[in-house]
Structures are given as structure tokens and as C-alpha cells.
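Student: let's see this in three dimensions:
(one chain, ligands or ions: 1)
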Amino acid sequence: MIYIIFFGFVFISLIFVLGFLFVYLYHDFKGAPFVGCDPNVIREAFKLVKANNDDVVLDLGSGDGRALRIAINDFNVKKAIGYETSPLPIFIHYLLNHNKKIKLVKKSFYEWNPKNEMPTILYLYLLPKVLEKLTLQIKKAKKINPNLKIISLVFQIPEMEVKQTIKTYHRGFKKEVGIWLY
Ligand SMILES: C[S@@+](CC[C@H](N)C(=O)[O-])C[C@H]1O[C@@H](n2cnc3c(N)ncnc32)[C@H](O)[C@@H]1O
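Tutor: Residues are numbered from 1 along each chain as shown. Presented below is the predicted three-dimensional model:
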């Protein structure tokens, strides 16, 4: 009996670990792994755009929702919306985010249509190859709303005119990283 329980436990743990690895590697392969940003870098980014209670934040690839939480808790923004497709970050998002002002859209960010859902602050922490694929959508959003404040953390958006850049220390990377405002 004890062997059945032991092997049952090992088997379930293995399934769990393999499932986690699959989800992680799948998103890594697709170009945007779930790596949450250093909260201090996120705060500096929202300070840069002077986020306030008139703002609606949109985070494309919101992970565990940390940027949404910081926007609501530290900057008192009106609403914070995240797009996320990966099951593990979505699971963690539901564990950590209970504020009604935070909305999670379980859709790919490539489906985001700025005509239907226009924030005042677009927050991006994504790899260059993903930013490149999103550039047309981002440019379209800026064209529809020229006042849209776009912040990109650590990586630059290609072919976009930069308004301001700051550098700040990222504890995870143990070095200074850039934040770009467009
Ligand atoms: C680098 S993390 C950023 C997490 C969070 N925004 C932050 O600043 O801490 C990128 C996130 O994008 C998500 N992602 C990848 N491809 C996606 C897609 N097509 N649609 C929505 N989210 C996606 C990943 O699951 C991951 O959580």
C-alpha cells in the first residue's frame, strides 16, 4: 500500500513538473517567457509617465499581474487591464489580484484591438522580437490616440520615436536597465 501511495505521489509530482516545464518552454519558444519585472523598475516607469487616477493602464503580457497591482495600489489608477495567455501566470494572477479595478483578458495580445480597448498608458515588458511583431498595433494605437503614453521596460520598441529615456537599477539583472517613453 505504501508503495502505491509513494509512486502515486511521484507520478503526480512528475506530471506537475512536466506540465510546468511545458507551459514555460512553450511561451519561451513563442517569444515571451514569464519573467516578472523588478517592482522598483515598474514603479520608476509609472513615475516617468506620472500615472494617476485619470489613467487606464494596459499591460500586454501581464504575467502574475504585478504591474497592474502596482499601478492600482501605488498610483491609484482608474483601471488596470492585462492580456495573458499562459496558464501558470493566469493561475498566480487569480491568487494575487482581488481588486475590482484589475481586469484580466485571457487572450493573446496579438488580438488586442486599440479601436475597442484604448488605455491612457500602454505598459510593455517584452522581448525585442515580440515588440517587433507588436509594432504595427502599437503605432496604430498611437495614431488613434496621440496622447497615449507608451512605456517599454528593458527593451526598446523598434521604429518608434522616443520622447524620453531613463536608466534605473534592476535587482534581478544586477545592472541598470532602460525605460523608454514614446
Ligand atoms: C516578460 S513577461 C512580463 C510580465 C509582466 N508584464 C511584468 O512586467 O512583470 C511576458 C508575459 O507575456 C506573456 N505572453 C507571451 N505571449 C503572449 C501572448 N501572445 N498573449 C498574451 N500574453 C503573452 C507571457 O506568458 C509572460 O507572462
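Student: quick check: phi and psi on the residue in the chain that the ligand sits nearest to?
Tutor: Using C-beta to the nearest ligand atom, residue 61 is the residue of the chain that sits closest to the ligand, at 2.4 Å. For the C-beta atoms, the positions are set from N, CA and C on the backbone; glycine is no exception. Dihedral angles phi and psi of residue 61 (degrees, to the nearest 10) take the values phi 90, psi 70.
Student: what residue is smack in the middle of this structure?
Tutor: The chain has residue 62 as the residue nearest its centroid, 2.9 Å off, counting by C-alpha atoms, centre = their mean.
Student: how much space separates the residue of the chain positioned farthest from its centre from residue 156?
Tutor: Distance to the chain centre peaks in the chain at residue 1, reaching 46.2 Å (criterion: C-alpha atoms, centre = their mean). As judged by C-beta to C-beta, to the nearest Å, residue 1 and residue 156 stand 60 Å apart.
Student: go on, residue 108?
Tutor: Between residue 108 and residue 156 the computed distance is 22 Å (C-beta to C-beta).
Student: how is this structure divided into domains?
Tutor: The chain breaks down by automatic domain parsing into domains covering 1-30, 39-181.
Student: weakest of the ones you listed by average pLDDT?
Tutor: Per-stretch mean pLDDT for the domains of the chain is lowest at domain 1-30 (a mean of 61).
Student: which strands or helices does whichever strand or helix holds residue 42 pack on?
Tutor: Counting by DSSP states H and E, the element that carries residue 42 is helix 39-48. Helices and strands touching helix 39-48, by 3 or more C-beta pairs under 8 Å, 6 or more residues apart in numbering; DSSP states H and E, are helix 66-75, strand 149-153, strand 164-170, strand 175-181.
Student: which other residues reach the helix or strand that comes right after it?
Tutor: Downstream of helix 39-48, the first helix or strand assigned by DSSP H and E is strand 56-60. By C-beta atoms under 8 Å, 6 or more residues apart in numbering, the list of residues contacting strand 56-60 from outside reads 51, 67-68, 71, 77-83, 109, 112, 117, 119-126, 134.
Student: over to residue 136. Which of the three states is it?
Tutor: Under DSSP: H, G, I helix; E, B strand; the rest coil, residue 136 falls in the helix class.
Student: any idea how far it lies from residue 127?
Tutor: For residue 136 relative to residue 127 (C-beta to C-beta), the value is 17 Å.
Student: between these two, tell me which one has more neighbours.
Tutor: A count of neighbours by other C-beta atoms under 10 Å puts residue 127 above the other of residue 136 and residue 127, at 16 against 10.
Student: could you tell me which residues of the protein lie near the ligand?
Tutor: 27, 30, 32, 34-37, 59, 61-63, 66-67, 83-86, 89, 108-110, 125-126 (C-beta under 6 Å from any ligand atom).
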